[in-house]
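Novice: fold the following and give me the result.
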Amino acid sequence: MHQPVLYKEIIHAMQPARGGKYVDGTLGAGGHAVGILEASAPDGLLLGIDLDPVALALAGDALAPFGDRATLVKGSYTDLRSHLIQMGWASVQGIILDLGVSSMQLDAPERGFSFMRDAPLDMRFSPDQPTTAADLVNSLPEADLANLIFEFGEDRHSRRIARAIVNARPIQTTGALARVIASATTGGNLHPATRTFQALRIATNGELDAVRAVLPQAVEALAPGGRLAVIAFHSLEDRIVKQYFRRESKDCICPPEQPVCTCNHQAVIRELKRKPTVPLVEEAQMNPRARSARLRVVEKL
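Specialist: Numbers count the residues shown, from 1 in each chain. As a prediction, this is how the structure comes out:
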């Protein structure tokens with residue numbers, strides 16, 4: 001099995017123990033889940049959630065040796081509260097969220113996440129989702145498309161790229177889109193299409209809104225002493241996670257200039273480290289896609 005990103009760091013942070021209940025909200029191929037179930041033997045339980053039916057099938061094979069200790073659900077981590085109610089779990093000892101697109105999805109050209117090989121411009125995490133990246137590329141007004149590329153891709157050439165896309169419509173494949181973008185701008189050290197593809201993927205799957213939706217549910221679901229571990233791969237995700245963790249680890253969130261606290265806010269978590277954990281040099285060399293990973297972990301008070 002492909003070794004998941006920051007595997008040892010995740011297991012160390014989660015501290016799986018026998019009898020515990022754990023959630024992998026981004027199950028993927030099940031790599032982190034295997035480690036959690038092994039460390040929580042003989043009776044630790046795990047709920048694995050993923051939108052991708054292909055990932056669930058792979059994870060099902062990987063987790064089959066653990067029998068009914070692992071329950072797999074096709075769905076979104078944004079519905080975490082509902083999934084836990086269906087399990088009959090009032091609280092859990094640990095939750096992991098490995099955000100963004102997986103290597104497995106990137107390596108499947110028919111999914112349309114990568115411009116390295118020509119394929120339909122899809123980018124959906126689940127085939128049940130109604131909107132594809134092609135729908136956005138071919139329907140959004142130029143100004144909205146430029147804003148999307150600037151906000152989610154952080155590309156300063158967003159207006160130029162949006163104009164080129166609109167002039168080249170209809171665009172139905174990853175290769176065609178990459179060529180249009182390359183004709184409009186250069187990407188420096190990056191391929192010029194990298195940031196636009198990231199922006200379209202985030203928008204197609206509502207990734208940032210999903211992160212905002214799940215964090216409060218995850219913290220609420222933790223038992224005292226339980227831990228939430230989140231791996232982010234770009235600054236937009238990581239900023240959302242960092243700001244939420246900082247806010248919920250403070251007893252007061254009033255403006256600094258306010259002399260008396262009126263918010264009545266109480267800390268519900270503590271950050272295990274102020275700075276994120278990043279992959280060791282050896283892991284980054286073996287798996288270049290891990291280089292941008294940032295792990296943040298909090299513990300429920």
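Novice: what's the neighbour count on residue 12?
Specialist: Taking other Cβ atoms under 10 Å as the neighbour definition, residue 12 ends up with a count of 13. (C-beta placed from N, C-alpha, C; glycine too.)
Novice: where does it land on pLDDT?
Specialist: With respect to pLDDT, residue 12 scores 97.
Novice: and residue 105, by the same measure?
Specialist: The predicted structure scores residue 105 at 86 on the pLDDT scale.
Novice: next one: residue 186
Specialist: Residue 186 is assigned a predicted lDDT (pLDDT) of 77.
Novice: ok, it - contacts?
Specialist: Neighbour list for residue 186: residue 192 [criterion: Cβ atoms under 8 Å, 6 or more residues apart in numbering].
Novice: now do 10 Å
Specialist: Shown in contact with residue 186 (Cβ atoms under 10 Å, 6 or more residues apart in numbering): 157, 192.
Novice: secondary structure element for it?
Specialist: Of the helices and strands defined by DSSP states H and E, none includes residue 186.
Novice: now residue 298
Specialist: strand 294-300.
Novice: do residue 177 as well
Specialist: Applying DSSP H and E, one finds residue 177 within helix 174-184.
Novice: name the helices or strands packed onto that helix?
Specialist: Counting contacts by 3 or more Cβ pairs under 10 Å, 6 or more residues apart in numbering; DSSP states H and E, the secondary-structure elements packed against helix 174-184 are helix 133-139, helix 158-168, helix 194-205.
Novice: repeat that for 7 Å
Specialist: With contacts defined as 3 or more Cβ pairs under 7 Å, 6 or more residues apart in numbering; DSSP states H and E, the packing partners of helix 174-184 are helix 158-168.
Novice: touching the helix it packs on from outside, list them.
Specialist: Among residues not part of helix 158-168, those counted as contacts by Cβ atoms under 7 Å, 6 or more residues apart in numbering are 137, 142, 145-146, 149-150, 155, 171, 180-181, 183-185, 196.
Novice: ok, now stretch 108-124?
Specialist: Judged by Cβ under 7 Å, 6+ apart, the contacts made with stretch 108-124 from elsewhere in the structure are 101, 105-106, 132-134, 137, 171-175, 177-178, 191, 193, 197, 200-201, 204-205.
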